[in-house]
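Student: give the three-dimensional model of this entry:
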Amino acid sequence: MQRIVILGNSGSGKSTLAREIGRRLGLPVIHLDPLFWEPDWVEPDNEVFRERVRQAAAGDSWICEGNYSRRTFDLRLPRAELVIWLDTPRLTCMKRVILRSALNRPRADLPVGCTERLDRAFLHFLKYVWNFDRINRPSIEAMRATVGPQIPAIHLRGPQQISAFLAELADVAKTSMHPTLTR
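Tutor: You can find the predicted model right below:
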C-alpha cells in the first residue's frame, strides 16, 4: 500500500494517524492544511491550492490527510489505494481542538504564519467541528463515492480500532485488504 487518504473531522486524529502510518511504512506525509492556508489564515486562489496538491501528490507514495473534497478529490482519489475515515466522537474532537488551540504549540500540520487563537473565528470553527458529522461529512462522503467508488474505505472508530489497524499495518500493506473494509 503506497497511497492512503485520511478523512475526518478536525481534531479526529488525521495528522497523528498520518504521521504514524508514514513512519511505519516509510512514506511521506502530505498535510493539506499547510498547502491550503496562507499566513494569517488567508485562503489562496483555488488553482494555486490545486497546483500545490498536484505537486505534493505527484509522487508514487504518500499518506495524505485532510478533507478538501470539492477542491482536491479528483487529484488524490484516482491514485489512492485506501481511504481511512476517522469516526471520532465530536466531543473528543471538540476537546482536542480546544486544547491544541489553547496550548498553541508548533505542529507539522499547522500552516506557516498561522497561529491558533481563541477568538471569534475560533468560535465559528468550533461550530464547524460540532456540526461536521451532520453537515459536512455527508457531502464529503458523497464526493468520495462519486470520484473514487472503487477505492476501499475503512472506518476506524476509536483508539482500539486505530491500534488494531496499526498493528496489522504490515499485513494490510502486503494485501491491500483489511477485515473491516467497507465500500
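
Student: show me where pLDDT drops low in the chain?
Tutor: Per-residue confidence of the chain (counting by pLDDT under 70) places the weak regions at 170-183.

Student: quick one, helices of it?
Tutor: Secondary structure of the chain by DSSP state H: the helices cover 14-25, 32-36, 46-56, 69-76, 90-103, 120-131, 137-147, 159-167, 169-175.

Student: need those helices in TSV with distance to A153, can you?
Tutor: Using the backbone N, CA and C atoms, a C-beta is placed for each residue, glycine as well. Output for these, formatted as TSV (distance: least, Cβ to Cβ, whole Å):
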stretch	distance to A153
helix 14-25	14
helix 32-36	18
helix 46-56	20
helix 69-76	13
helix 90-103	19
helix 120-131	22
helix 137-147	7
helix 159-167	13
helix 169-175	13
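
Student: looking at these, which is buried most?
Tutor: Among the helices of the chain, the stretch with the highest mean neighbour count (mean count of other Cβ atoms under 10 Å) is helix 32-36, at a mean of 21.

Student: looking at the helices of the chain, which is nearest to L7?
Tutor: The closest of these to L7 is helix 137-147. By Cβ to Cβ, the value is 6.4 Å.

Student: now the closest one against helix 69-76, angle please.
Tutor: Helix 137-147 and helix 69-76 are oriented at 30 degrees to each other (axes from the mean of the first three to the mean of the last three Cα atoms, to 10 degrees).

Student: check the offset of helix 137-147 from the chain's centre.
Tutor: Between the mean C-alpha location of helix 137-147 and the chain-wide mean there is a distance of 14 Å, by Cα atoms, centre = their mean, to the nearest Å.

Student: which strands or helices does that helix pack on?
Tutor: For helix 137-147, the packing partners by 3 or more Cβ pairs under 8 Å, 6 or more residues apart in numbering; DSSP states H and E come out as helix 69-76.

Student: ok so, going back, L110 is nearest to which of the helices of the chain?
Tutor: Counting by Cβ to Cβ, and looking across all of the helices of the chain, nearest comes helix 32-36 at 7.2 Å.

Student: so which elements touch the closest one?
Tutor: Using 3+ Cβ pairs under 8 Å, 6+ apart, helix 32-36 is in contact with helix 46-56.

Student: hmm, 10 Å instead?
Tutor: Contacts of helix 32-36 with other secondary structure elements, assessed using 3 or more Cβ pairs under 10 Å, 6 or more residues apart in numbering; DSSP states H and E, are made with helix 14-25, helix 46-56, strand 62-65, helix 69-76.

Student: export the first one to CSV, keeping only CA atoms.
Tutor: Taking C-alpha atoms only, helix 14-25 is exported to CSV below (Å, rounded to 0.1, in the frame of the first residue of the first chain):
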residue,chain,number,x,y,z
LYS,A,14,-5.9,12.6,11.0
SER,A,15,-2.5,14.2,11.3
THR,A,16,-1.4,11.9,14.1
LEU,A,17,-2.5,8.8,12.3
ALA,A,18,-0.9,10.0,9.0
ARG,A,19,2.4,10.6,10.7
GLU,A,20,2.3,7.1,12.4
ILE,A,21,1.4,5.3,9.2
GLY,A,22,4.1,7.3,7.3
ARG,A,23,6.6,6.3,10.0
ARG,A,24,5.7,2.6,9.9
LEU,A,25,5.6,2.4,6.1
